[in-house]
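Visitor: compute the structure for the input listed below.
(one chain, ligands or ions: 1)
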Amino acid sequence: MKKVFVNGYGSIGSRITKFIKGDPDIDVVGIGKHSSNEKVQHVINDGFSVYVPEDKIDNFKNYDISGSIESVIDDCDLVIDASPGGNGFINKKNIYEPKGIKAIFQGGETIFNDNAVSDILFNSRVNYVEAFDKKYVMQGSCNVTGMGRILNPLKEKYADKLTRIDVTLVRRWADLEQTDKQIDDTIEMTENPHHGTDVKAFFGEDTPLFVRTIKVPTRQMHLHIMDIRFNANAPTSDEIHELFKNEFGIAILWTAKGTKDVRDFAESTKFNFKDTNMLHIHANMTMSIGDTVQLMYSDDQTGLVIPENYMLLQAMLFQRNYDDALKRTKKLFNMDEKKKLLEEHFSKKD
Ligand SMILES: NC(=O)c1ccc[n+]([C@@H]2O[C@H](COP(=O)([O-])OP(=O)(O)OC[C@H]3O[C@@H](n4cnc5c(N)ncnc54)[C@H](OP(=O)(O)O)[C@@H]3O)[C@@H](O)[C@H]2O)c1
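Guide: Reported below is the predicted structural model:
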């Protein structure tokens with residue numbers, strides 16, 4: 001059994017923890033909490049031991065904590081860092097590196113410049129095996145993971161025919177749980193978004209990918225609007241849907257009017273955290289026009305990267321072969337059942 005410590009219990013950390021505790025080969029030894037607030041008791045009530053930074057232990061006198069982060073890490077095999085963007089790098093320098101512990105980092109970090117947490121950006125469909133021997137690996141953000149999941153099958157099938165891919169990322173303002181975060185009535189433009197550069201980290205710098213990003217006032221998923229250009233007539237919409245039919249973590253929906261429809265269905269069907277854990281191609285919006293395919297898919301924000309973290313964990317801790325890891329991931333997250341329910345509910349009506 002491998003011992004895993006999860007540092008941070010927010011949107012990402014709480015989800016990862018609740019899923020991986022269902023894996024009999026993993027022992028979740030504890031959770032890192034940094035602020036002394038009522039959420040400490042939530043973690044304990046969820047059945048986990050809480051560890052806090054050594055220099056903050058006195059702030060947690062009112063809670064039944066189990067010790068310091070620095071000490072528990074001596075006794076585990078891997079840390080999943082789920083801290084707010086940028087803190088992962090600081091944790092690596094101050095704790096993980098000095099203690100020689102393996103770590104997974106999240107999409108708010110970077111693999112570029114002096115603050116790089118890793119020399120690899122993970123996307124299970126592209127570079128699963130490369131993570132086997134790594135001590136530190138960064139999981140791509142939900143948008144980066146989503147684009148990778150769509151682009152890889154396209155690249156495999158149409159490698160020499162693809163000439164250019166333009167993506168407009170429409171990002172959600174806040175997560176479902178971030179009820180204290182105000183949603184401003186504006187469409188915000190993002191200068192120099194990291195997403196295209198991150199995707200090119202696993203697809204190669206010469207990938208003809210151009211990404212622009214806006215943020216809109218919703219908590220209900222991201223939407224990617226993608227124009228895929230070919231050097232001759234583009235494939236038909238049916239051919240594109242066929243390409244993604246059996247891809248892991250992609251559902252093909254025909255009748256969702258918007259992202260909230262999908263979220264509401266996930267809630268009504270009691271999916272954990274209301275997450276679908278996948279991408280949803282909005283097939284009614286696919287158009288093949290001349291040399292271009294127009295594709296739209298929604299991306300389940302937080303939920304998308306949780307199965308990816310589990311794939312990464314399996315690569316780094318067990319070096320499981322890809323098919324075995326994928327099979328276990330599908331089972332743990334009930335992916336086939338979720339996909340079936342979604343595709344049936346939003347099926348094409350004649
Ligand atoms: N949310 C998403 O949809 C999403 C999707 C993909 C990737 N990501 C990435 O995942 C990471 C975590 O995001 P999140 O949305 O889960 O953030 P979040 O909800 O704000 O949670 C962050 C957690 O980290 C804890 N924390 C604070 N300082 C810390 C430190 N120095 N070391 C370790 N933990 C610390 C906080 O605990 P206290 O309350 O105790 O301070 C909080 O529970 C970021 O890199 C983000 O970019 C997020």
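Visitor: how many other residues sit next to the closest residue to residue 9 other than its chain neighbours?
Guide: Among residues not flanking residue 9 along the chain, residue 31 sits closest, at 5.0 Å (CB to CB, 6 or more residues apart in numbering). Every residue, glycine included, has its C-beta placed from N, CA and C. By the measure other CB atoms under 10 Å, the count of residues near residue 31 is 26.
Visitor: need the phi and psi values for residue 31.
Guide: Backbone torsions for residue 31, taken as degrees, to the nearest 10, come to phi -120, psi 140.
Visitor: isn't residue 166 right up against residue 208?
Guide: No - using CB atoms under 8 Å, residue 166 makes no contact with residue 208, being 9.2 Å away.
Visitor: more neighbours, the two?
Guide: Legend: neighbour count by other CB under 10 Å for residue 166 and residue 208, higher for residue 166 (15 against 10).
Visitor: name the helices or strands packed onto the strand or helix carrying that one?
Guide: In this structure, residue 166 is located in strand 162-172 according to DSSP states H and E. Packed against strand 162-172 by the contact rule (3 or more CB pairs under 8 Å, 6 or more residues apart in numbering; DSSP states H and E) you find helix 142-158, strand 209-216, strand 222-230.
Visitor: buried deepest among the ones you listed, which one?
Guide: Each of the helices and strands packed on strand 162-172 was assessed for mean neighbour count using mean count of other CB atoms under 10 Å. The highest is helix 142-158, with a mean of 22.
Visitor: which SS state does residue 35 fall under?
Guide: coil (DSSP: H, G, I helix; E, B strand; the rest coil).
Visitor: helices along the stretch 1-150 of the chain, start to end?
Guide: Using DSSP state H, counting those that start in this stretch, the helices of the stretch 1-150 of the chain run over 11-20, 39-45, 69-72, 87-91, 97-99, 124-127, 142-158.
Visitor: list the buried residues in the second one.
Guide: Spelled out, that is helix 39-45. For helix 39-45, a neighbour-count test (16 or more other CB atoms under 10 Å) marks 40, 43-44 as buried.
Visitor: cool, and stretch 288-305?
Guide: Buried residues in stretch 288-305 (16+ other CB under 10 Å): 288, 292-305.
Visitor: dump the helices of the stretch 1-150 of the chain into a markdown table; add distance to the ligand and mean pLDDT as well.
Guide: As requested, those are exported to a markdown table (distance: least, CB to the nearest ligand atom, whole Å; pLDDT from 0 to 100):
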| stretch | distance to the ligand | mean pLDDT |
| --- | --- | --- |
| helix 11-20 | 3 | 96 |
| helix 39-45 | 6 | 96 |
| helix 69-72 | 8 | 96 |
| helix 87-91 | 4 | 98 |
| helix 97-99 | 14 | 96 |
| helix 124-127 | 15 | 95 |
| helix 142-158 | 4 | 97 |
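Visitor: for the ligand, what are the nearby residues on the stretch 151-300 of the chain?
Guide: Applying CB under 6 Å from any ligand atom, one finds that the stretch 151-300 of the chain approaches the ligand through residue 175.
Visitor: for the stretch 151-300 of the chain, which residue gets nearest to the ligand?
Guide: residue 175 (4.8 Å; CB to the nearest ligand atom).
Visitor: can you lay out the helices and strands packed on strand 162-172 as JSON lines showing distance to residue 255?
Guide: Formatted as JSON lines, these follow (distance: least, CB to CB, whole Å):
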{"stretch": "helix 142-158", "distance to residue 255": "21"}
{"stretch": "strand 209-216", "distance to residue 255": "22"}
{"stretch": "strand 222-230", "distance to residue 255": "16"}
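Visitor: between those, which gets nearest to residue 275?
Guide: helix 142-158 (10.8 Å; CB to CB).
Visitor: other residues contacting stretch 236-256?
Guide: With CB atoms under 8 Å, 6 or more residues apart in numbering as the test, stretch 236-256 has contacts from 125, 149-150, 153-154, 157, 235, 262, 276-284, 286-288, 293, 295, 297-298, 304, 307, 326, 329-330, 335, 338-339, 342-343, 346-349.
Visitor: give me the distance between the two termini of it.
Guide: Start to finish, the residues bounding stretch 236-256 are 21 Å apart (CA to CA, to the nearest Å).
Visitor: off-centre distance for the helix or strand residue 242 falls within?
Guide: Counting by DSSP H and E, the element that carries residue 242 is helix 237-244. Chain-centre distance of helix 237-244: 24 Å, with CA atoms, centre = their mean, to the nearest Å.
Visitor: one more: stretch 172-183?
Guide: On CA atoms, centre = their mean, the centre of stretch 172-183 falls 17 Å from that of its chain.
Visitor: stretch 167-179 now?
Guide: With CA atoms, centre = their mean, you get 13 Å for stretch 167-179.
Visitor: give me the buried stretch members for that stretch, please.
Guide: 167, 169-174, 176.
Visitor: for the ligand, what's its nearest residue on this protein.
Guide: residue 10 (1.8 Å).
Visitor: host element of the residue nearest to the spatial centre of the chain?
Guide: The centre of the chain sits closest to residue 305, judged by CA atoms, centre = their mean, with a distance of 1.7 Å. Using DSSP H and E, residue 305 sits in helix 301-318.
Visitor: now that helix against helix 11-20, angle please.
Guide: 50 degrees (axes from the mean of the first three to the mean of the last three CA atoms, to 10 degrees).
Visitor: what's helix 301-318 packed up against?
Guide: By 3+ CB pairs under 8 Å, 6+ apart, helix 301-318 packs against strand 2-7, helix 11-20, strand 78-81, strand 102-105, helix 124-127, strand 136-139, helix 142-158, helix 322-332.
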